[in-house]
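**Q** What follows is a predicted protein model with its sequence.
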Amino acid sequence: AQSVAQPEDQVNVAEGNPLTVKCTYSVSGNPYLFWYVQYPNRGLQFLLKYITGDNLVKGSYGFEAEFNKSQTSFHLKKPSALVSDSALYFCAVRDINQAGTALIFGKGTTLSVSS
Amino acid sequence: GAGVSQSPSNKVTEKGKDVELRCDPISGHTALYWYRQRLGQGLEFLIYFQGNSAPDKSGLPSDRFSAERTGESVSTLTIQRTQQEDSAVYLCASSLREGANTEAFFGQGTRLTVV
C-alpha cells in the first residue's frame, strides 16, 4: 500500500532563512510525488511534482523539492522564507504502476515564518 | 467552469439527518476524488472515480457514506444518519486525464458541522 509520512507537525523558521519541510514515502513500485499548500480558509493549491528526470524539481512561489530514491524522500525547500509562506503543506504520492488509484496525502506540516 | 466547485460551502445539520454534498469538477477532467479533513488533521481519502472504471471506495469510513458520479460530470457525496464525528471539511478534487502523473485541482470544500 502507498503511504506518506511528514514527520514534523510544525516547522518554524525566521524570514530570510532557508526552509525545509520533510516528506518520506512508501510505494511498491516507483513514485509520482506532489506537494500542495493550503493557506488559511483557502483550498489546496498545487506547488510542484516529481514525475521523472532531474531529482530537483522547481515549482511555484520559489519552492523546490529534491527526490531521493535511496532515502525514499521528497523534501520541500526554499532558499529564503517569506512570512507569506506560512501555511499548511501536504506531500502526496501515487505509485507509478497504479494509475487507477487516488493520491495519498501525508498529515501535513504547518510552516510558520516569523518576521 | 474555471475550477472545481463545491456546494454548499457550509452545512450545519442535526445528528441523525442525511446530507448531500455536491462537486462540479473542471470540465473534461476524467478523475474525481473526495477527501475529508478534520480540524487540525490531514487529508483522509474517501473515494476516487476514474472515467468509466469502477470507483475506488476503499476510503469510505462506514456504510453511511456513499458517492455517485454520472459520467465525467457532477459527483455527490451522501452521508446518512450523520454523527458528530462526521464534522469536517469535505474536499473534492479533479484531474485532467488518466495517468498517475497528473496533479489534482481542489475545490474550496464543504464545511460540515453536525450538532
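**A** Looks like it arrived, so ask away. Residues are numbered from 1 along each chain as shown, chains lettered A, B, ... in the order given.

**Q** Residue numbers of chain A in contact with chain B?
**A** With C-beta under 8 Å from any C-beta of the partner chain as the criterion, chain A comes near chain B at residues A:6, A:32, A:34, A:36, A:42-46, A:49, A:51, A:90, A:94-108. Where you see a C-beta, it was placed from the backbone N, CA and C, and this is true even at glycine.

**Q** ChimeraX command for the buried members of those?
**A** Selecting the buried subset of these in ChimeraX, with 16 or more other C-beta atoms under 10 Å in any protein chain shown as the burial test, is done by:
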select /A:6,32,34,36,43,44,46,49,51,90,94,95,96,99,101,102,103,104,105,106,107,108
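
**Q** In strands only, show me the residues of chain A next to chain B.
**A** A:Tyr32, A:Phe34, A:Tyr36, A:Leu44, A:Gln45, A:Phe46, A:Lys49, A:Phe90, A:Arg94, A:Asp95, A:Ile104, A:Phe105 (DSSP state E).

**Q** residues in contact with the fourth one?
**A** When you say that, I think you mean A:Leu44. A:Tyr36, A:Val37, A:Gln38, A:Phe90, B:Leu43, B:Leu91, B:Ala93, B:Phe106 (C-beta atoms under 8 Å, 6 or more residues apart in numbering or on different chains).

**Q** pLDDT averaged over stretch B:85-95, what's the number?
**A** For stretch B:85-95, the mean pLDDT works out to 95.

**Q** does that stretch come close to chain A?
**A** Yes. For stretch B:85-95 and chain A, the contact criterion (C-beta under 8 Å from any C-beta) is met by B:Leu91, B:Ala93.

**Q** Any buried residues in that stretch, and which?
**A** B:Asp86, B:Ser87, B:Ala88, B:Val89, B:Tyr90, B:Leu91, B:Cys92, B:Ala93, B:Ser94, B:Ser95.

**Q** Render the CA-only coordinates of it in PDB, please.
**A** In PDB, the C-alpha atoms belonging to stretch B:85-95 read as follows (Å, rounded to 0.1, in the frame of the first residue of the first chain):
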ATOM      1  CA  GLU B  85     -17.600  12.700  14.300                       C
ATOM      2  CA  ASP B  86     -18.600  13.400  10.700                       C
ATOM      3  CA  SER B  87     -18.000  17.100  11.300                       C
ATOM      4  CA  ALA B  88     -15.200  18.000   8.900                       C
ATOM      5  CA  VAL B  89     -14.300  19.800   5.700                       C
ATOM      6  CA  TYR B  90     -15.100  17.600   2.700                       C
ATOM      7  CA  LEU B  91     -12.800  18.400  -0.200                       C
ATOM      8  CA  CYS B  92     -13.400  17.400  -3.800                       C
ATOM      9  CA  ALA B  93     -10.600  17.400  -6.500                       C
ATOM     10  CA  SER B  94     -10.400  16.500 -10.200                       C
ATOM     11  CA  SER B  95      -7.600  15.800 -12.600                       C
END
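
**Q** got a list of contacts for that stretch?
**A** Residues outside stretch B:85-95 that contact it (C-beta under 8 Å, 6+ apart) are A:43-44, A:103, B:4, B:6, B:21, B:23, B:25-26, B:29-39, B:43, B:46, B:64, B:75, B:77, B:79, B:102-107, B:109-114.

**Q** low-scoring stretches of the chain, by residue?
**A** All of this is about chain A. A:98-100 (pLDDT under 70).

**Q** you looked at the wrong chain, it should be chain B
**A** B:1, B:97-100.
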